[in-house]
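# just to be clear, the model below is a prediction. Sequence and coordinates:
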There are 2 protein chains.
Amino acid sequence: MSLILALDFGGTKLAAAVTQLGDSEWLRYERQLSPADSNATTDLEIMRSLIHTLLQGETPSAIGVSFGGPVDFTTGTVRLSHHVPGWENIPLKNLLEEEFGVAASVDNDANVAALGEHRFGAGQGYDNLFYITISTGVGGGWILSGQPWRGAAGMAGEIGHTVVNPAGPICLCGKRGCVERLASGPYMAQDAKESLLTEPHKFSSKILQSLVNNNLDLITGKTISDAAAQGDELAIDILQNASWALGTGIGNVANLMNPQLFILGGSVTKAGENWWQTVQKTARKTALSEIEFEIVPAALGDDAPLWGAVALAESSFNV
Amino acid sequence: MSLILALDFGGTKLAAAVTQLGDSEWLRYERQLSPADSNATTDLEIMRSLIHTLLQGETPSAIGVSFGGPVDFTTGTVRLSHHVPGWENIPLKNLLEEEFGVAASVDNDANVAALGEHRFGAGQGYDNLFYITISTGVGGGWILSGQPWRGAAGMAGEIGHTVVNPAGPICLCGKRGCVERLASGPYMAQDAKESLLTEPHKFSSKILQSLVNNNLDLITGKTISDAAAQGDELAIDILQNASWALGTGIGNVANLMNPQLFILGGSVTKAGENWWQTVQKTARKTALSEIEFEIVPAALGDDAPLWGAVALAESSFNV
């Protein structure tokens, strides 16, 4: 029996699972939140204990890893984590291979999730697709001709930092109006808060304010979605702007790469029917009429990186 | 001796050449302008006579074709020409194969030029590149992992219709502020003319007006470049806006696909040092700082499609 070990180092949680080679259900599954003051060492310790529980003394045949941050796929070295300190240049693939004595493959979460959806989720049967996660950030992963496309230096997929409105607000990346600045959860929350502070009468927003008990620091992407669903004008305006930005970005990608399918995952995709409709409509309008594509929700949810890690591990058998 | 026949059906000119397999110089070369009232039939007749002159009774081993318009590469069928009527659904590959009894490969000019620059020009030694032509239109062709990437349905590369300024002017494609609307030669000319008619005092523009003897219909991308080189304020402003749009589009592509190299060809790339500097600077600013790339001029000039057609024909030996 060939056991595949799948690991997911997220920014705020750690998850690990085992399955049998060729299977599509978990044999065992463990997950734990990262402590608030975690660093690379504590993350690795927690992951070791999850693995210990999972393996129950058995030895895996291969290990696949999803990491929440830039990774040099060729060497399996983590470049850094934007959430957890101490991950700079950690040779994660080597560490795991030395510890377990089997092949390990490590890639960033968007690439791995794309692979997971391609192999086990909404992308089955599609050879050319772009997976986009819209959550605390906006990132993407490519499958082209049935294989991950990572770019010349492993940096492909950054739809979040493509510019769609040069007159838009400034992002941490230094640019104005990139997709992440307009469409990610925390930036939507920031925009809602700023609008309430600087232009309190521009939109009616009693519903949103009551949802957070008038504590504007409690506004999140989720409260904006909830308020919009109940008719809050400000929340509706912000979601409209966010979904327009994402739809424009997707339409631009369709023109540039002509994939068959876009798969959208991440918490913001739960923002409701209006959000989805605007994304679809704007993407369709931005792409040339002769360019065809579909936009569908991710099927694997939070498990996409883990299933992608399985696919990554399995591919090491074919090298 | 293996003779390769390369054909280029441009919108306004027809060119054909022969070379020997593995060679990088033309054996013979013929070119002719399309008559103003040309159609698919007359284009094909002119091309036949060019081929007749070139082959001098010999039989080619393979034929490669660059076509100025969308092509279904798999079947080698032309979808249409935006410049010459009658090309709708012409099975060009089949026609040539029946007539000459050898394998023919047909693709659109941007894909073929990308292949030409990759194999014989500025892209030699680079496995991942994007070729962009900036001329009467703006289009692109991909080389990924050393191979042409045409998209799921052969429509990839349309950087010209990616949106970079949703508040910009309207393009024929129906959208506002796409790269082609801002950066192509005819649209720059249109903007100059409109500015002179509607806001004659916004910019000083005596140089441009004198270059066209005050006949605004004579303004072209070239006269704008010439006027800008001589200090014409309006021309400088238009070129600045155009090169900003192209640079933003290129930076977006760098974020999304992480190629090593961008190769720029087409008449507008002769617009001068300021144009190049703004393209370079804007692309660098738009791409994430950790994403590296180079932007270089095309090496093969107007011959890129013909040399690409040679590469296309040669690849039919490896199928």
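Perfect, I can see it now. Numbering: from 1, shown residues only, chains lettered A, B, ... in the order given.

# tell me where chain A has helices.
Remark: helices assigned in chain A by DSSP state H are A:40-55, A:92-100, A:109-120, A:179-183, A:185-198, A:206-211, A:221-229, A:233-257, A:273-286, A:304-315.

# turn the ones you listed into JSON lines, columns for mean neighbour count, mean pLDDT and distance to residue B:63.
In short, each C-beta sits where N, CA and C put it, glycine included. Formatted as JSON lines, these follow (neighbours: other C-beta atoms under 10 Å in any protein chain shown; pLDDT from 0 to 100; distance: least, C-beta to C-beta, whole Å):
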{"stretch": "helix A:40-55", "mean neighbour count": "16", "mean pLDDT": "95", "distance to residue B:63": "58"}
{"stretch": "helix A:92-100", "mean neighbour count": "17", "mean pLDDT": "96", "distance to residue B:63": "47"}
{"stretch": "helix A:109-120", "mean neighbour count": "28", "mean pLDDT": "96", "distance to residue B:63": "37"}
{"stretch": "helix A:179-183", "mean neighbour count": "28", "mean pLDDT": "97", "distance to residue B:63": "43"}
{"stretch": "helix A:185-198", "mean neighbour count": "18", "mean pLDDT": "95", "distance to residue B:63": "53"}
{"stretch": "helix A:206-211", "mean neighbour count": "19", "mean pLDDT": "95", "distance to residue B:63": "65"}
{"stretch": "helix A:221-229", "mean neighbour count": "22", "mean pLDDT": "95", "distance to residue B:63": "56"}
{"stretch": "helix A:233-257", "mean neighbour count": "26", "mean pLDDT": "98", "distance to residue B:63": "29"}
{"stretch": "helix A:273-286", "mean neighbour count": "19", "mean pLDDT": "98", "distance to residue B:63": "37"}
{"stretch": "helix A:304-315", "mean neighbour count": "27", "mean pLDDT": "94", "distance to residue B:63": "39"}
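
# redo these as JSON lines? Include distance to residue B:83.
Listed next are the helices of chain A as JSON lines, based on distance: least, C-beta to C-beta, whole Å:
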{"stretch": "helix A:40-55", "distance to residue B:83": "59"}
{"stretch": "helix A:92-100", "distance to residue B:83": "53"}
{"stretch": "helix A:109-120", "distance to residue B:83": "39"}
{"stretch": "helix A:179-183", "distance to residue B:83": "35"}
{"stretch": "helix A:185-198", "distance to residue B:83": "44"}
{"stretch": "helix A:206-211", "distance to residue B:83": "53"}
{"stretch": "helix A:221-229", "distance to residue B:83": "47"}
{"stretch": "helix A:233-257", "distance to residue B:83": "21"}
{"stretch": "helix A:273-286", "distance to residue B:83": "25"}
{"stretch": "helix A:304-315", "distance to residue B:83": "45"}
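
# let me have those in CSV, extended by distance to chain B.
Putting the helices of chain A into CSV (distance: least, C-beta to the nearest C-beta, whole Å) gives the following:
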stretch, distance to chain B
helix A:40-55, 19
helix A:92-100, 19
helix A:109-120, 12
helix A:179-183, 10
helix A:185-198, 17
helix A:206-211, 26
helix A:221-229, 22
helix A:233-257, 4
helix A:273-286, 6
helix A:304-315, 16
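
# mind checking which of those is nearest residue A:135?
Among those, the nearest to residue A:135 by C-beta to C-beta is helix A:185-198 (6.1 Å).

# OK, contacts around the residue nearest to residue A:281 when sequence neighbours are not counted?
With C-beta to C-beta, 6 or more residues apart in numbering or on different chains as the criterion, residue A:281 has its nearest non-adjacent residue at 6.8 Å, and that residue is residue A:247. Counting by C-beta atoms under 8 Å, 6 or more residues apart in numbering or on different chains, residue A:247 makes contact with A:278, A:279, A:280, A:281, A:282, A:283, A:285, A:286.

# repeat that for residue A:294.
Contacts of residue A:294 (C-beta under 8 Å, 6+ apart): A:260, A:261, A:262.

# out of these, who's the most crowded?
residue A:262 (25 neighbours; other C-beta atoms under 10 Å in any protein chain shown).

# is it true that that one touches residue A:132?
Yes - under the criterion of C-beta atoms under 8 Å, residue A:262 is in contact with residue A:132, at a separation of 6.4 Å.

# now for those two: what residues contact both?
residue A:250.

# what sits against the residue of the stretch 51-200 of chain A found nearest chain B?
With C-beta to the nearest C-beta as the measure, residue A:151 is the residue of the stretch 51-200 of chain A nearest to chain B, at 2.5 Å. Residue A:151 makes contacts with A:157, B:128, B:257, B:258, B:259, as judged by C-beta under 8 Å, 6+ apart.

# distance to residue A:177 added to those residues, as TSV?
Shown next, in TSV, are those (distance: C-beta to C-beta, whole Å):
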residue	distance to residue A:177
A:157	19
B:128	27
B:257	20
B:258	21
B:259	23
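
# buried residues in stretch A:162-170?
Buried residues in stretch A:162-170, counted by 16 or more other C-beta atoms under 10 Å in any protein chain shown: A:162, A:163, A:164, A:165, A:166, A:168.

# now render those as CSV, adding pLDDT and distance to chain B.
As requested, those are exported to CSV (pLDDT from 0 to 100; distance: C-beta to the nearest C-beta, whole Å):
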residue, pLDDT, distance to chain B
A:162, 97, 4
A:163, 97, 6
A:164, 98, 6
A:165, 97, 6
A:166, 96, 6
A:168, 96, 9
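
# for the stretch 1-150 of chain A, which spans come out with low pLDDT?
Applying pLDDT under 70 to the stretch 1-150 of chain A flags residues A:1.

# quick one, domains of chain A?
A:3-117+A:302-315, A:125-298 (automatic domain parsing).

# tabulate those domains (a markdown table), appending distance to residue B:139.
As requested, these are exported to a markdown table (distance: least, C-beta to C-beta, whole Å):
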| stretch | distance to residue B:139 |
| --- | --- |
| domain A:3-117+A:302-315 | 27 |
| domain A:125-298 | 10 |
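
# which of these sits closest to residue B:14?
Between the domains of chain A, domain A:125-298 lies closest to residue B:14; by C-beta to C-beta that is 25.3 Å.

# how far away from the center of its chain is the closest one?
Here domain A:125-298 shows a centroid-to-chain-centroid distance of 12 Å under the convention C-alpha atoms, centre = their mean, to the nearest Å.

# got the contact list for the residue lying farthest from the centre of chain A?
The C-alpha centroid of chain A is most remote from residue A:201, which lies 34.9 Å away (C-alpha atoms, centre = their mean). Taking C-beta under 8 Å, 6+ apart, we find residue A:201 in contact with no residue.

# next one: residue A:78
Residue A:78 neighbours (C-beta under 8 Å, 6+ apart): A:67, A:69, A:70, A:71, A:87, A:88, A:89, A:90, A:91, A:92, A:106.
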